[in-house]
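# take this sequence and fold it.
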Amino acid sequence: MKRPQAGIAAAAAVALVAGGVSVLPALAATGQTLAQVATARGFHIGTAAGVKTLASGQWRQVADTQFTSVTMGNEGKWDATEPAQGQFDFAAAAADAIADYASATGKRLRGHTLVWHSQLPAWVSADRPAAEQRQVLLDHVTAVAGHFKGRAGQWDVVNEPFNEDGTLRSSVWFTRLGEDYIADAFTAARAADPAAKLFLNDYNVEGVNAKSTGLYNLVQRLKARGVPIDGVGLQAHLIVGQVPSTLRQNIERFTALGLTVEITELDVRIPLPADAAELAQQAADYRAVVGACAAVTGCTGVTTWGVGEADSWIPAFFPGYGAALLFDEQWRARPAYSAVVEALGGTPTVPEPPATPSLVTVASYPFETGLTGWGSRGGETTAHSTAAAHGGTGSVLSSGRTATWQGPTRPVLDILSPGKLYTVTAWARTASGTGTARLSMQRQNGTATRYENVSANTAISTTWTRLSGDYLFLPGATALSVYLETTDTTGDLYLDDVTIQTEGPPVSQSPSASASASRSPSASPSASPSASKSPSTSPSASRSPSTSASSSGGGTGCAVRYTTNDWGGGFTGDVTVTNTGATAVSGWTLRWTFAGNQRVNQSWGTTLTQTGSAVAASNAAWNGTVAAGASVNFGFLAGYTGANSNPAAFTLNGTACTLR
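Coordinates of the predicted model:
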């Protein structure tokens, strides 16, 4: 799709002011969808996309018809695109899949994000001279922006560089390189893709305040130096009824500098259950935001951070809040949908929700009569057993395990279709004791092998544990197997009732569902959602059964750095574990106990489970080996009430760690 020019929106946007809200004059010919109304204005209406959402037929039906722009989610971030220095794999990270979707549906692609302080692999923050750190930044920006040259209409080059008081955040970039890291990133991005518009993106900068003024002053300095910055992104993660009164004034002062402005991550959260009055207020809020942008020359688009409840970050990040997007749990348009259409000068025609798909079983292994193609991954024994069963009378017993990665496995390449999302479910049980069971996929792409986690949970000997998760099968695999392993034990292991399911033909629409969460107190200021979903599994370097033999590792010693970004009621945790022992650790589990009532909602770089206040964070498929003296980094999102004290102690594979 050819990108419309900013002036087209402005030509139609002589605003009428009604009650302080900008409303555009009606279109001569009303489009049938939000996308058509926006396009008629020369305006972009967008949504964020993850590779798993692309595989949802219902998400696709709404997104295909209602939006003209798509923003990369976690798939475009550093930990997904360059998990090891110099190793880029956009197919495995699935960023290519999002770009391909945008191209196939004629949508503009927004790249997100080249430089950020969060979701960085541990190697990025390793101690190195400033000149080398600068080269790390330049190499990454050049490679990623260059890979999508000609495909990305915009890039969030630098994301969230500010503190709330308008000073620059003390990230690894600022502390080592100073403010110049921002200019370096923009300059490298322009050289890598001269046609893309380059944005600086941040949250809590929608109205005129200390933070947005810090942003304003920075872009003035950058422009004075000739740095190629084209625009600013105002994220706009808002609470219902709290649209800043100075939003339009703020947009105008940035466009007066010759910059393009876009609302990049809009959602308006409501305390649940949302009532009719709150939904009406939310509609007014959406009308105000979209109308303010569309009425200003140079404000060229609005992107919502998701389509509906199924892909919203809000419920996990702000317990007790939700209903933040244009579509509800069943993909029905909320009143805010009509408000956005009206804000763009259209007459709303509320779309019918997509039909609910059926769930089709493509493979089922009840193990009643035998192994049905299942075997061993290493030197252990895999056998049919009638000693224990989840359903029926049979299961698979994996015995004689000498390594945590050993366990029952089965090839499934001939069963799955590339590009489809599958739900994989299994039941596990230990023969004795307790351990963390993990259901995973082993994918071979030529000579490269990747280990992709599906689900993990604590397994015990007295009852069966359910493991269930989604798996997106990406194109290009030459071999694919499903397998069960553990992260912290080599004891005997049972497996039963494995099923693989996917979307089938639509079934009749299910009854309306009402929100049931209790109303929570007023939320604190907005935080960024950029880490709100676990990133796609990053490429594994070279884990093979022969090199992943133990979760204990010899000569263990460890140090932990635990930091949080807290906004009151919610926080992100960043954990760096350093192997201070004499030999490599192959396979790790870090354990701690929260001092308060913190509850983890999402994690990345780890498989994390929580029972009460006890937390166990095990390695992901790609970062299980930590060399002597090396570090591994992971993070999580959590909510809490009361105090958010740091844990007092950590253990790595049972060994107490020092705190840094």
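
# what are the buried residues along the longest strand anywhere in the chain?
Ranked by number of residues, the top strand in the chain under DSSP state E is strand 493-507. If you call a residue buried by 16 or more other CB atoms under 10 Å, then strand 493-507 has these buried ones: Leu493, Tyr494, Leu495, Asp496, Asp497, Val498, Thr499, Ile500, Gln501, Thr502, Glu503. (Each C-beta comes from the backbone N, C-alpha and C, glycine too.)

# and for the residue lying closest to Trp374 once chain neighbours are set aside, the neighbour number?
Excluding the flanking residues, the one nearest Trp374 by CB to CB, 6 or more residues apart in numbering is Arg410, at 4.6 Å. Arg410: 19 surrounding residues under other CB atoms under 10 Å.

# Arg410 reaches Phe367, doesn't it?
No. Here Arg410 lies out of contact with Phe367, judged by CB atoms under 8 Å, at a distance of 11.1 Å.

# chain neighbours aside, what residue packs nearest to Thr655?
Here the residue nearest Thr655, using CB to CB, 6+ apart, is Thr556, at 4.5 Å.

# burial count for that neighbour?
So Thr556, with other CB under 10 Å, has 20 neighbours.

# that one and Trp588, how far apart?
Noted for Thr556: a distance of 10 Å to Trp588, by CB to CB, to the nearest Å.

# before we move on, the earlier item: which residues are common contacts for Arg410 and Phe367?
Listed as contacting both Arg410 and Phe367 by CB atoms under 8 Å, 6 or more residues apart in numbering are Trp374.

# I'd like the average pLDDT over stretch 252-266.
The average pLDDT within stretch 252-266 is 98.

# also stretch 284-301?
98.

# and what of stretch 120-137?
For stretch 120-137, the per-residue pLDDT averages 95.

# kindly report the same for stretch 399-413.
Mean predicted confidence for stretch 399-413 is 96.

# what kind of secondary structure is Thr651 in?
Classification of Thr651 using DSSP: H, G, I helix; E, B strand; the rest coil returns strand.

# dump the residue contacts of it.
By CB under 8 Å, 6+ apart, the neighbours of Thr651 are Leu590, Arg591, Trp592, Cys657.

# separation between the residue nearest to the first one when sequence neighbours are not counted and Ser603?
With CB to CB, 6+ apart as the criterion, Leu590 has its nearest non-adjacent residue at 4.8 Å, and that residue is Ala617. In this structure, Ala617 and Ser603 are 7 Å apart, going by CB to CB.

# and Asp470, what element?
If you go by DSSP states H and E, Asp470 is part of strand 465-472.

# can you name the next helix or strand after that strand?
Counting by DSSP H and E, what follows strand 465-472 is strand 479-486.

# helices or strands next to that following strand in the packing?
Packing partners of strand 479-486 (3 or more CB pairs under 8 Å, 6 or more residues apart in numbering; DSSP states H and E): strand 408-411, strand 421-430, strand 434-445, strand 493-507.

# between these, which one is nearest to Thr255?
Relative to Thr255, the nearest member of the helices and strands packed on strand 479-486 by CB to CB is strand 421-430, separated by 40.3 Å.

# give me the angle between the closest one and strand 434-445.
For strand 421-430 against strand 434-445, the angle by axes from the mean of the first three to the mean of the last three CA atoms, to 10 degrees is 140 degrees.

# can you tell me the strand partners of strand 421-430 and which way each runs?
strand 465-472 (antiparallel), strand 493-507 (antiparallel) (DSSP bridges).

# figure out how far the shortest one is from the centre of its chain.
Distance, stretch centre to chain centre, for strand 465-472: 18 Å (CA atoms, centre = their mean, to the nearest Å).

# coming back round to it: just the CA trace of the longest strand of the chain, in CSV.
The C-alpha atoms that make up strand 493-507 are tabulated as CSV, following Å, rounded to 0.1, in the frame of the first residue of the first chain:
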residue,chain,number,x,y,z
LEU,A,493,8.9,-39.8,34.4
TYR,A,494,5.4,-40.8,33.1
LEU,A,495,3.6,-39.2,30.1
ASP,A,496,0.0,-39.7,29.1
ASP,A,497,-2.9,-38.4,27.0
VAL,A,498,-1.0,-36.2,24.6
THR,A,499,-3.2,-34.2,22.2
ILE,A,500,-2.4,-31.7,19.4
GLN,A,501,-5.3,-29.4,18.3
THR,A,502,-5.9,-26.5,16.0
GLU,A,503,-8.6,-24.2,14.7
GLY,A,504,-11.2,-25.9,12.5
PRO,A,505,-14.3,-24.7,10.7
PRO,A,506,-16.4,-22.1,12.5
VAL,A,507,-19.1,-23.2,14.9
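
# of the strands paired with strand 421-430, which is nearest Ala236?
strand 465-472 (28.8 Å).

# secondary structure element for Gln61?
Assigned by DSSP H and E, Gln61 falls in helix 57-66.

# quick one: contacts of that helix?
Contacts of helix 57-66 (CB under 8 Å, 6+ apart): 33-35, 45, 47, 49, 53-54, 70, 105, 307-308, 310-311, 326-327, 331, 351, 353-357, 503.

# list the buried residues for that helix?
Neighbour count says helix 57-66 has Gly57, Gln58, Trp59, Arg60, Gln61, Val62, Ala63, Asp64, Gln66 buried, by 16+ other CB under 10 Å.

# pLDDT of it, averaged?
93.

# would you mind identifying the next helix or strand past that helix?
Counting by DSSP H and E, the element after helix 57-66 in chain order, helix or strand, is strand 69-72.

# show me what the helix or strand that comes right after that following strand is packed against.
For strand 69-72, the following helix or strand on the C-terminal side (DSSP H and E) is helix 78-81. Packing partners of helix 78-81 (3+ CB pairs under 8 Å, 6+ apart): helix 90-93, helix 130-147.

# what about helix 78-81, average pLDDT?
92.

# keeping just the C-alphas, turn that helix into PDB.
Output of helix 78-81 as PDB, limited to C-alpha atoms (Å, rounded to 0.1, in the frame of the first residue of the first chain):
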ATOM      1  CA  TRP A  78      16.600  -7.200  20.600                       C
ATOM      2  CA  ASP A  79      16.300 -10.500  22.500                       C
ATOM      3  CA  ALA A  80      14.300 -12.000  19.600                       C
ATOM      4  CA  THR A  81      16.300 -10.600  16.700                       C
END
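
# so where's the stretch 51-200 of the chain uncertain?
For the stretch 51-200 of the chain, the stretches with pLDDT under 70 are 92-93.

# make it 80
The stretch 51-200 of the chain contains residues with pLDDT under 80 at 91-93.

# and Thr386, how far from Thr499?
21 Å.

# scratch that, Gly394 is what I was asking about
From Gly394 to Thr499 the distance is 15 Å (CB to CB).

# show me the shaky parts of the stretch 201-350 of the chain.
Those would be none, if you go by pLDDT under 80 across the stretch 201-350 of the chain.

# give the burial count for the closest residue to Gly308 other than its chain neighbours, as a bare number.
Once flanking residues are discounted, Gly308 sits nearest to Phe327: 3.4 Å by CB to CB, 6+ apart. Neighbours of Phe327 under the rule other CB under 10 Å: 28.

# give me the distance between Phe327 and Pro354.
Counting by CB to CB - Phe327 and Pro354 are separated by 10 Å.

# likewise for Trp567?
Look at Trp567 and Pro354: by CB to CB, they are 35 Å apart.

# the more surrounded of those two?
Pro354 (21 against 18).

# so which strand or helix has that one?
Using DSSP H and E, Pro354 falls outside every helix and strand.

# give me the phi and psi for Thr187.
Torsion angles at Thr187 (phi, psi; degrees, to the nearest 10) stand at phi -60, psi -40.

# isn't it up against Gly226?
No. Taking contacts as CB under 8 Å, Thr187 lies outside contact range of Gly226: 9.3 Å.

# the more surrounded of the two?
Between Thr187 and Gly226, Thr187 has the larger neighbour count (other CB under 10 Å), namely 20 against 9.

# now stretch 616-634: how far from the chain's centre is it?
With CA atoms, centre = their mean, you get 20 Å for stretch 616-634.
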